[in-house]
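*Asks:* Model the following, please.
(chains A, B, C and D)
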Number of protein chains: 2
Amino acid sequence: MVRIFICSLGRLRERWVLAFPDAHVVSDLTEVGEQASGGARSLWLDLSSMHRDLRLESVTAAASMGSPVVAMMGAPDESDAFALLQAGAQGYCHVEAAPGQLREIATVVEHGGLWMPPNLVQRFLAVSNRVIPSSMPEVPELNQLTSRELMVAEQVAHGASNREIAQALEITERTVKAHISAIFEKLSVRDRVQLALKVNNIPTYNIRN
Amino acid sequence: MVRIFICSLGRLRERWVLAFPDAHVVSDLTEVGEQASGGARSLWLDLSSMHRDLRLESVTAAASMGSPVVAMMGAPDESDAFALLQAGAQGYCHVEAAPGQLREIATVVEHGGLWMPPNLVQRFLAVSNRVIPSSMPEVPELNQLTSRELMVAEQVAHGASNREIAQALEITERTVKAHISAIFEKLSVRDRVQLALKVNNIPTYNIRN
DNA sequence: GCCCTACCTGTACAAAAGTACAATGTAAGC
DNA sequence: GCTTACATTGTACTTTTGTACAGGTAGGGC
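*Replies:* Below you'll find the model as predicted:
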């Protein structure tokens, strides 16, 4: 089974290689034609940094090539997901999905199944008046934080600057920095952006997490 | 992986055995509890010769047991399939599906995917697409960005530093900064954390924006 | 009492991030 | 040919962020 990633940068992300060591990559859909055109293959479209119309267009074009298509997005968007699936994609996932999940998705779509994140399925079911007990995955690392650190982390996770946090908690900016450094250490992140993403449970490009 | 068929007759059909030589069978859902309750398993409900309300009820009960559920019907019916999937089934197929297809379905649902006949997929998505979009807006401001800016924004939104973005896009760090400043202006955010949150559609505390 | 942790703060410094002002090249459209 | 939008880069600068090293306080457990 050949997995071909279509990415405008023409380079494979590390997670893709971790998932599929023999993955191929092309920078444009037109270059896919030659690659394993006869055999079994799946197409993985990196739709991050693409406008909405172009995303739909790309998926439609890819779907017409006869191989299962997985749409990979940078900014998750529910309404978009269904549009892309309707346009012919068999899978919809985050562009930085973990390698293990990528392999699951591959298994599913290459056997004719649909794959989308559990929250999307839940969303659909919710709309359908079905009550599903949702066990939203928390971020377990947050339990390592002291209560004060947690306060700071929450603020960072919602875009507050050090100065604002200091004012909010009525402490010095210096103290805020101290807390933040401790948080970085405990959560193994390197800066406040990654902290914000981790608290909000959003994957980052960085492997060292 | 254990496949348990729930069939009122208490007998396995030939096709099921052909597909899964080690398949189990029970005549009622209540008998499932004991079978491989801890390990990985999938439940295959034979819903042929069942009234509509009972079908729904069975699927709901089966879905609550924590294993993927495949609803197998004798007389395929679109609206019914829809209801059963809403009720928690991960798969929907004909009770006399070919062994090969059964195995495909097993692979899909046991990896978290949805499986249903191709013609139903389109129906399913068409309805979803009509129902979902109104409820959750995407981030319309992102359309103001140029394609290059969008690439940069996506990278920022996933924790990349300016240097990393520069390397990824093969441009200068200075150029990255230029793009980022333009993005801030267009999206009315003041720093990269807020940008990251906005792209990921996460609200910020933002007092003075 | 002593130890440990959480919490707080200071000075100083290094490293990013972000802005101001300016400039070049290119491609598309009128 | 001209205009406009986009992408790119430079120098120089301010601000913010983050770290290193050091220290002080308060409370709980032993």
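*Asks:* Give the buried residues for whatever helix or strand residue A:16 lives in.
*Replies:* Remark: residue A:16 resides in helix A:14-19, with elements defined by DSSP states H and E. Across helix A:14-19, burial judged by 16 or more other Cβ atoms under 10 Å in any protein chain shown covers A:15-16, A:18-19. For glycine as for every other residue, the C-beta is placed from the backbone atoms N, C-alpha and C.
*Asks:* out of those residues, who's nearest chain B?
*Replies:* Distance to chain B, by Cβ to the nearest Cβ, is smallest for residue A:15 among those, at 11.4 Å.
*Asks:* Nearest spatial neighbour of that closest one, chain-adjacent residues omitted?
*Replies:* residue A:99 (5.4 Å; Cβ to Cβ, 6 or more residues apart in numbering or on different chains).
*Asks:* For the nearest residue to residue A:64 once chain neighbours are set aside, which three-state class applies?
*Replies:* Take residue A:64 and drop its neighbours on the chain: the residue closest to it by Cβ to Cβ, 6+ apart is residue A:88, 7.3 Å away. At residue A:88, secondary structure determined by DSSP: H, G, I helix; E, B strand; the rest coil is coil.
*Asks:* Residue A:88 contacts residue A:65, doesn't it?
*Replies:* No. Residue A:88 is beyond contact range of residue A:65, at 9.8 Å (criterion: Cβ atoms under 8 Å).
*Asks:* Which one of the two is surrounded by more residues?
*Replies:* When neighbours are counted by other Cβ atoms under 10 Å in any protein chain shown, residue A:88 and residue A:65 differ, and residue A:88 comes out ahead with 20 against 16.
*Asks:* related to what we said a few turns ago, helices or strands up against the helix holding residue A:16?
*Replies:* With contacts taken as 3 or more Cβ pairs under 8 Å, 6 or more residues apart in numbering or on different chains; DSSP states H and E, helix A:14-19 sits against helix A:99-110.
*Asks:* Show me what the helix it packs on packs onto, helices and strands only.
*Replies:* Counting contacts by 3+ Cβ pairs under 8 Å, 6+ apart, helix A:99-110 packs against helix A:14-19, strand A:41-46, strand A:69-73, strand A:91-94, helix B:99-110.
*Asks:* Please compute how far it lies from its chain's middle.
*Replies:* 14 Å (Cα atoms, centre = their mean, to the nearest Å).
*Asks:* List the buried residues for that helix?
*Replies:* So for helix A:99-110, counting by 16+ other Cβ under 10 Å, buried means A:101-110.
*Asks:* Of all pairs in the buried residues of helix A:14-19, which one spans the longest distance?
*Replies:* Farthest pair in the buried residues of helix A:14-19 (Cβ to Cβ) is A:16 and A:18. Separation: 7.2 Å.
*Asks:* residues bridging contact with those two, i.e. touching both?
*Replies:* residue A:99 (Cβ atoms under 8 Å, 6 or more residues apart in numbering or on different chains).
*Asks:* does any part of the longest helix along chain A sit near chain B?
*Replies:* The longest helix of chain A (DSSP state H) is helix A:173-187. No. Against chain B, helix A:173-187 shows no contacts by Cβ under 8 Å from any Cβ of the partner chain, the least distance being 12.0 Å.
*Asks:* Show me what that helix is packed against.
*Replies:* Short answer (3+ Cβ pairs under 8 Å, 6+ apart): helix A:173-187 packs on helix A:147-156, helix A:162-169, helix A:192-199.
*Asks:* Dump those to TSV, plus mean pLDDT and distance to DNA strand C.
*Replies:* Shown next, in TSV, are those (pLDDT from 0 to 100; distance: least, Cβ to the nearest atom of the strand, whole Å):
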stretch	mean pLDDT	distance to DNA strand C
helix A:147-156	90	3
helix A:162-169	91	6
helix A:192-199	93	7
